[in-house]
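Asker: Sequence first, predicted coordinates after that:
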Amino acid sequence: MPRPPTLRIAIDTGGTFTDCVWVDRGRVRMLKIFSTPADPSQAIMEAVQKISPNAEIVLLHGTTVGTNTLLQRKGARVALVTTAGFEDAIEIGRQARPKLYDFFFDKIEPLVPRGLRFGIHERTDSEGNILETPPANELADLAQQVREKQPESIAISLLFSFANPENERSAAQVLGELGLPLSISHEILPEFREYERTSTVVINAYLQPVMQRYLESLAARLQKPSALHNSRSAIFVMQSSGGITALATAAREPVRTVLSGPAGGVIGAASTARCSGFDEIISFDMGGTSTDVALIDHEPQASSQSEIAGLPVGVPMLDIHTVGAGGGSLARFDAAGALRVGPESAGADPGPICYGRGTLPTVTDANLLLGRLQPHRFLGGDFTLDFERTRRTVTDWLTQNKSSLTLEQFAAGVIRVVNATMEKAIRVVSIERGHDPRRFALVAFGGAGGLHACELAQALGIPRVIVPSMPGALSAFGILVSDVVKDYSRTIVWRAAMELPLSQLESEFRKLSQSAKRDFTSEHWTGAIHEQRTIDVRYRGQGYELNIPFSRRLLADFHEAHAQRYGYSHPDREVELVTLRLRAIVKSPQAKLAMQPSIPRTDAAESNASVNKSLTNSQPPHSNFAKSARVAQPPPEFQSVGFDGKRLKTAILDRNSLTIGKKYSGPAVITEYSATTVVPPRMRFVLDRAGNVVIATN
């Protein structure tokens, strides 16, 4: 009997929908189902059953389990072991205050309470010399004290362990006898800055039992004969750094997965935009609960200094900025009567009013009331939005809140408020970091991205909006095409004036490279390993660094990058080489996969470059929806849609009816299975050969 085929399915679990993407007969397919927040694996199994219950499965998973665990403070009971005298470092933190003049500001509580922090008498200096070894009897007593506190996980972070991990290994050997998961700083983050390093290790320990249970449960469900008739299924997990890793690694180091889903979106946005000839983009992922934005200058960049739920995380993560603004964000009036939107969300349960269970107005409801969402075209017509229930419920809600706003005014106000929040987020990753948004294209995806992208681009002077094929599942597509990635680092803090210590740097990078080869071999990955070498660099005396690609021009590149970021540089000043970073990559077999459209073409379909030029130079055609000479198209449907406080006659277009290379102009609403795109008046758009809708905003 022949073995069933192996099927690679990428699944991104979101706050409202679980998105699935796979390849069937050479074409990319997708499925969206409602998420099951109480148990995300339930929705995953439902999706797998619908896609192919008999195939051998390779599951590539972007998960929100780590993020939600941190946000909801539902992680494990953690014991922290550190150098005596540094037990309170995670509570003291840094002097920086997020709200400098807020007298009522409440500092974020550490994940480990004071009673579960333990200090041991040991000391390693900054050069890696061991000055004091922890006595064996003290380690034995420590193990007994930890056992009595009954933690679920242990974090170990000793001073200067990145320079010499011997004392950490001794502590880990003794504490390992307790049979609890261990998170050890020299293995997870061998870098300086004890606060950030300890915080990262504590977060890993906090998530480890939760993530381990979840992944084991998911794996067990995949292996059940009642679910799938095979036992060869495998699971890989998306990391925050933009690459997948083995299930065992994700369970051991879950801190690397806290931005798992959004990272897939950035990779997907870069991949699809590149097909249309755009290398400088801002990704704009608006989902049901939040909006994630990232700036990509030719290649996605990872940051080693991030913050999740107010806590610093030092492992590499794609530089993504998140705000609490999504389709499910709740509208409310504050004490002064001003309209507010988010960050609270209706999520998947109960969801927006128009989904049939929610009772409070959301951004999705506002878009429906304005005509931007079409009730009978949602999810390709598989799910009908309840317009009458929305109109009635929102009217009653406005009456209860003693508001004099009409439905139209209220809905338009919700859109303006949520747009302001998202516009600020885009400014954070562009203008505030020295980038002119007018140089970039805005790649809009997520279930709600296309509804708001054009107005945001217009406000920021962004000349192009790109809406990829299957925008509502682009994060899952990004996971599908992601490479296998492992990141390594080591703090050195070497001084450099006019010349680089090239031979010493090569020697240190070789050590990191050897670690990468060992890890790839132990996890049975095959294929060539590609390396990206970078160094964190700063001027001597500075407190923070810039990450610069390693080359003989490193110092000159650093001065240029410093001038771009901060507006000045000091070419004659002494420089410090702080942390070496190595990214090891094994290319995905589906890295070059593209979402090819199954749509009509005209003889005059231009190349992507000429399409881009035509948007700039052409005037809107007299008839936006004239039939092609070769492809018969159904006449467009027209509806009344709200724009800037006015109702305009607007064409409602099915994306599959668009012709490649044909010029269209707004106002228009483009509907498809996974999302809806709104094109305001006077904007022009085309469908290019890559299947992307490219909209000119000026």
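Answerer: Structure received.
Asker: Could you check how far the residue of the chain most remote from its centre is from Leu131?
Answerer: Most distant from the centre of the chain: Asn137, at 45.9 Å, with distances by C-alpha atoms, centre = their mean. According to C-beta to C-beta, to the nearest Å, Asn137 stands 19 Å off from Leu131. Heads up, the C-betas are built off the backbone N, CA and C, glycines and all.
Asker: Could you do Leu207 as well?
Answerer: The spacing between Leu207 and Leu131, counted by C-beta to C-beta, is 33 Å.
Asker: between those two, who's got more neighbours?
Answerer: The residue with more neighbours, out of Leu207 and Leu131, is Leu207; 30 against 10, by other C-beta atoms under 10 Å.
Asker: Can you name the next helix or strand after the host helix or strand of Ser170?
Answerer: For Ser170, the enclosing helix or strand under DSSP states H and E is helix 166-175. Downstream of helix 166-175, the next assigned helix or strand under DSSP H and E is strand 182-184.
Asker: Need the residues that contact that following strand.
Answerer: The contact list for strand 182-184 (C-beta atoms under 8 Å, 6 or more residues apart in numbering) reads 153-156, 165, 168, 172, 175-176, 201-202, 204-205, 208.
Asker: Closest one of the residues you listed to Leu512?
Answerer: Pro165 (14.9 Å; C-beta to C-beta).
Asker: If I look at the closest residue to the closest one other than its chain neighbours, what pLDDT would I see?
Answerer: Spatial nearest neighbour of Pro165, excluding adjacent residues (C-beta to C-beta, 6 or more residues apart in numbering): His186 at 3.6 Å. The per-residue pLDDT reported for His186 equals 96.
Asker: Now do the same contact list for Leu369.
Answerer: With contact taken as C-beta under 8 Å, 6+ apart, Leu369 is in contact with Phe387, Thr390, Arg391, Val394, Leu407, Glu408, Phe410, Ala411, Gly642.
Asker: just for this protein, where's the confidence low?
Answerer: Across the chain, the ranges flagged by pLDDT under 70 are 1-5, 224-233, 591-592, 594-634.
Asker: Identify each buried residue in stretch 157-174, please.
Answerer: Residues of stretch 157-174 classed as buried: 157-165, 167-168, 170-172, 174 (neighbour count, 16 or more other C-beta atoms under 10 Å).
Asker: Same question for stretch 63-79.
Answerer: For stretch 63-79, a neighbour-count test (16+ other C-beta under 10 Å) marks 63-70, 75-79 as buried.
Asker: for the stretch 301-450 of the chain, what spans make up the strands?
Answerer: Counting by DSSP state E, counting those that start in this stretch, residue ranges of the strands within the stretch 301-450 of the chain are 302-303, 306-308, 311-313, 317-318, 321-323, 329-333, 339-345, 441-445.
Asker: Given the second one, what are its sheet partners and their directions?
Answerer: Spelled out, it's strand 306-308. Here strand 306-308 is paired, per DSSP bridges, with strand 311-313 (antiparallel).
Asker: again with the fifth one
Answerer: With DSSP bridges as the test, strand 321-323 is paired with strand 291-297 (antiparallel).
Asker: Off-centre distance for the partner strand?
Answerer: 9 Å (C-alpha atoms, centre = their mean, to the nearest Å).
Asker: C-alpha coordinates for it, PDB please?
Answerer: C-alpha atoms of strand 291-297 as PDB (Å, rounded to 0.1, in the frame of the first residue of the first chain):
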ATOM      1  CA  THR A 291      -1.700  45.800  14.600                       C
ATOM      2  CA  ASP A 292       2.000  45.000  14.000                       C
ATOM      3  CA  VAL A 293       4.200  47.200  11.900                       C
ATOM      4  CA  ALA A 294       7.800  46.800  10.800                       C
ATOM      5  CA  LEU A 295      10.200  48.700   8.500                       C
ATOM      6  CA  ILE A 296      12.100  46.500   6.000                       C
ATOM      7  CA  ASP A 297      15.000  48.200   4.200                       C
END
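Asker: got the buried residues for it?
Answerer: For strand 291-297, using 16+ other C-beta under 10 Å, the buried residues are Thr291, Asp292, Val293, Ala294, Leu295, Ile296.
Asker: doesn't Arg256 make contact with Met211?
Answerer: No - Met211 is beyond contact range of Arg256, at 10.3 Å (criterion: C-beta atoms under 8 Å).
Asker: Need the overlap of contacts for the two.
Answerer: Overlap of the contact sets of Met211 and Arg256 (by C-beta under 8 Å, 6+ apart) consists of Ala250.
Asker: So Leu577: helix, strand or coil?
Answerer: strand (DSSP: H, G, I helix; E, B strand; the rest coil).
Asker: give me the element the residue nearest the centre of the chain is part of.
Answerer: Central residue of the chain (C-alpha atoms, centre = their mean): Pro262, 1.8 Å from the mean position. Element membership for Pro262, per DSSP H and E: helix 260-275.
Asker: Can you list the strands that the very next helix or strand once past that helix pairs with?
Answerer: Downstream of helix 260-275, the first helix or strand assigned by DSSP H and E is strand 280-286. Note on strand 280-286: by DSSP bridges, its sheet partners are strand 291-297 (antiparallel), strand 441-445 (parallel).
Asker: Report the secondary structure state of Ile9.
Answerer: Per three-state DSSP, Ile9 ends up strand.
Asker: Quick one: residues contacting the nearest residue to it once chain neighbours are set aside.
Answerer: Nearest non-adjacent residue to Ile9, counting by C-beta to C-beta, 6+ apart: Trp22, 4.5 Å away. The contact partners of Trp22, by C-beta under 8 Å, 6+ apart, come to Leu7, Arg8, Ile9, Ala10, Val28, Arg29, Met30, Ile51, Leu480.
Asker: Could you confirm Trp22 falls within a strand?
Answerer: Yes - counting by three-state DSSP, Trp22 falls inside a strand.
Asker: That one bridge partners, please.
Answerer: Going by DSSP bridges, Trp22 forms beta bridges with Ile9, Arg29.
Asker: For it, give its distance to Pro468.
Answerer: Trp22 is 17 Å from Pro468, by C-beta to C-beta.
Asker: go on, Gln208?
Answerer: In this view, Gln208 and Pro468 are 35 Å apart by C-beta to C-beta.
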